[in-house]
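1. give the three-dimensional model of this entry:
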Amino acid sequence: MSDQEVSNKQVALKNYVTGFPKESDMQIITTNTIKLRVPEGTKDAVLVKNLYLSCDPYMRERMSAGDGGFSSFELGKVSPVSFHFLVFE
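-> Predicted coordinates for the structure are as follows:
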């Protein structure tokens with residue numbers, strides 16, 4: 001599986017959410033293509049490929065425009081989230 005080429009995809013909030021989040025509230029941003037490999041000579045490193053995006057309950061509040069306990073995500077910007085990943089090397 002090393003040297004597999006993949007496009008780098010990111011999830012960004014397109015619209016602030018009211019009610020339940022919908023697919024139309026998100027946008028997929030595809031950036032450059034990268035090769036999945038650990039650089040030569042790297043020590044104590046692992047290569048991971050994200051498989052799933054996980055949205056924790058506190059993130060729901062950050063998906064809304066408002067005066068919640070957490071600051072809102074910026075529309076169109078990639079947001080920090082939890083991932084489930086596969087170790088390649």
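2. report the rounded mean pLDDT for the helix or strand containing Val6.
-> Using DSSP states H and E, Val6 sits in strand 4-13. Averaged across strand 4-13, pLDDT comes to 82.
3. tell me which residues in that strand are buried?
-> Within strand 4-13, the residues that qualify as buried by neighbour count (16 or more other C-beta atoms under 10 Å) are Leu13. Bear in mind the C-beta positions are built from the backbone N, C-alpha and C, glycine included.
4. neighbouring contacts of that strand?
-> 25-36, 49, 53, 63, 73-79, 81, 88 (C-beta atoms under 8 Å, 6 or more residues apart in numbering).
5. same for the helix or strand encompassing Lys35, what does it pack against?
-> Under DSSP H and E, the secondary-structure element containing Lys35 is strand 26-36. Other elements packing on strand 26-36 under the criterion 3 or more C-beta pairs under 8 Å, 6 or more residues apart in numbering; DSSP states H and E are strand 4-13.
6. now the strand it packs on against strand 26-36, angle please.
-> In this structure, strand 4-13 runs at an angle of 160 degrees to strand 26-36, with axes from the mean of the first three to the mean of the last three C-alpha atoms, to 10 degrees as the basis.
7. please save the CA atoms from strand 4-13 in PDB.
-> What follows is the C-alpha trace of strand 4-13 in PDB, where atoms were taken according to Å, rounded to 0.1, in the frame of the first residue of the first chain:
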ATOM      1  CA  GLN A   4      -0.600   4.900  -3.000                       C
ATOM      2  CA  GLU A   5      -1.700   8.300  -4.600                       C
ATOM      3  CA  VAL A   6      -4.700   9.900  -3.100                       C
ATOM      4  CA  SER A   7      -6.400  13.300  -3.400                       C
ATOM      5  CA  ASN A   8      -6.400  15.300  -0.200                       C
ATOM      6  CA  LYS A   9     -10.000  15.900   0.800                       C
ATOM      7  CA  GLN A  10     -11.200  18.300   3.500                       C
ATOM      8  CA  VAL A  11     -14.600  18.900   5.000                       C
ATOM      9  CA  ALA A  12     -15.700  22.500   5.600                       C
ATOM     10  CA  LEU A  13     -18.900  24.000   6.900                       C
END
